[in-house]
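[1] sequence unavailable; structure follows:
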């Protein structure tokens, strides 16, 4: 037995040396990554990967949803709420990237929206009703102007103290879809536009009226009427027939959308309406800021800041009339819409009674209010 144990100390020394070498090799780690995290070997000899540092990599912001708004006319205070909403970042806050497309005499907003060039449009309700009858897939989603801005203005010397006095006079209107409230006024007072008076086409300036070529001219309270005052004629020298007072008013500036687009984009539409109404509220409260936004886009030399300030003041009276609940901004009033549709039917704007239930919806405004 003693002979058999003779080599034991040497074996122990060899084993100890081997363990020391293995320990030194393990300490080297076997990788070239000084960070010591990635590529680290585990007990089984397989390479493990450390979890990524999520705190150092914030989520990328969602891409903004693009919305194209088609205006009825060129940039002016009539549309200030949309310009201000964009300038103040209200659309961006809703995750929207809004492109505002200017209108003009050769642009029909309904055609632009129905054809997909724009997603949402601004126009008068009578024009929308006509397009709906032509089976364009359109639906009204908000009513911005709660009152009509159309009046008939005459100089006091013409002796037109009321609608009945229009008999035998020369009365102007731009025609092309703008004449139906005036025709309804004639009808109310039993005036035949072909026999009892001279109903004539009016230019887009007020030159005919100022030059005495027509006795009573059509005018928007926020535009042409102000042009007359700016020409030097005092308000006290004029008589005004207001379509709202006469009960023949038709709803004007609204927001409408392509029905097919809306079906898949109700939330986007609600965000757009919410931001737009916020812009309109600010425009009414701060006309100066509203006009700042307008003048950035108005064609140079086409208008003045003073004219746009006056326009904004008058537009505010149509959007939020005296006594109107601001919480109802954007809502479509059923009675006012019905009156507009009835006048449109009576004077041939549409050939069949409008399907009111499908013509407009308050659903989007209600979603926007949430």
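    That came through fine. None of these values were measured; they are calculated from a predicted model. Residues are numbered from 1 along each chain as shown.
[2] name the helices or strands packed onto the host helix or strand of residue 241?
    Secondary structure from DSSP states H and E places residue 241 in strand 238-242. On a contact count with 3 or more CB pairs under 8 Å, 6 or more residues apart in numbering; DSSP states H and E, strand 238-242 meets strand 150-155. (Glycine included, C-beta is placed from N, CA and C.)
[3] quick check: what element follows the strand it packs on along the chain?
    Next helix or strand after strand 150-155 toward the C-terminus (DSSP H and E): strand 170-173.
[4] strand partners (parallel or antiparallel) of that following strand?
    Paired neighbours of strand 170-173 in the sheet (DSSP bridges): strand 198-201 (parallel), strand 216-220 (parallel).
[5] can you lay out these as JSON lines showing mean pLDDT, mean neighbour count and distance to residue 360?
    Formatted as JSON lines, those follow (pLDDT from 0 to 100; neighbours: other CB atoms under 10 Å; distance: least, CB to CB, whole Å):
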{"stretch": "strand 198-201", "mean pLDDT": "98", "mean neighbour count": "15", "distance to residue 360": "30"}
{"stretch": "strand 216-220", "mean pLDDT": "98", "mean neighbour count": "24", "distance to residue 360": "23"}
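[6] quick one: closest of the ones you listed to residue 178.
    Proximity to residue 178 (CB to CB) singles out strand 216-220 among the strands paired with strand 170-173, at 6.9 Å.
[7] which residues does that closest one contact?
    149-154, 158, 160, 166, 169-174, 178-179, 182, 202, 206, 208-209, 224-225, 227-228, 241 (CB atoms under 8 Å, 6 or more residues apart in numbering).
[8] and what of stretch 272-283?
    With CB under 8 Å, 6+ apart as the test, stretch 272-283 has contacts from 67, 69, 80-86, 88, 90-91, 93-94, 96, 98, 120, 141-142, 144, 255, 289-290, 312, 316, 319, 326, 329-330, 364-365, 367-369.
[9] if we go to 7 Å?
    67, 80-82, 84-85, 88, 90-91, 94, 96, 120, 141-142, 255, 289-290, 312, 319, 329-330, 364-365, 368 (CB atoms under 7 Å, 6 or more residues apart in numbering).
[10] then stretch 250-262?
    Residues outside stretch 250-262 that contact it (CB under 7 Å, 6+ apart) are 78, 113-114, 116, 119-126, 128, 137-145, 148-149, 180-181, 269, 273, 336-337, 340, 343.
[11] and residue 279, how far is that from residue 303?
    Residue 279 is 20 Å from residue 303, where distance means CB to CB, to the nearest Å.
[12] show me which of those two is the more surrounded one.
    Here residue 279 and residue 303 are compared on neighbour count by other CB atoms under 10 Å; more neighbours surround residue 279, at 24 against 18.
[13] correct me if wrong, but that one is in a helix.
    Yes: according to DSSP: H, G, I helix; E, B strand; the rest coil, the state of residue 279 is that of a helix.
[14] excluding its backbone neighbours, what's nearest it?
    Nearest non-adjacent residue to residue 279, counting by CB to CB, 6 or more residues apart in numbering: residue 85, 2.7 Å away.
[15] shouldn't that neighbour be in contact with residue 93?
    No: using CB atoms under 7 Å, residue 85 is not in contact with residue 93; the gap is 9.6 Å.
[16] mutual contacts of these two, please.
    With CB under 7 Å, 6+ apart, residue 85 and residue 93 have no common neighbours.
[17] the two - which one has more neighbours?
    Comparing residue 85 with residue 93 by other CB under 10 Å, the one with more neighbours is residue 85, at 29 against 13.
[18] state the distance from that one to residue 126.
    For residue 85 relative to residue 126 (CB to CB), the value is 26 Å.
[19] burial of the closest residue to residue 98 other than its chain neighbours, as a residue count?
    Leaving aside its sequence neighbours, residue 98 sits nearest to residue 91 (CB to CB, 6+ apart; 4.4 Å). Using other CB under 10 Å, residue 91 has 27 other residues around it.
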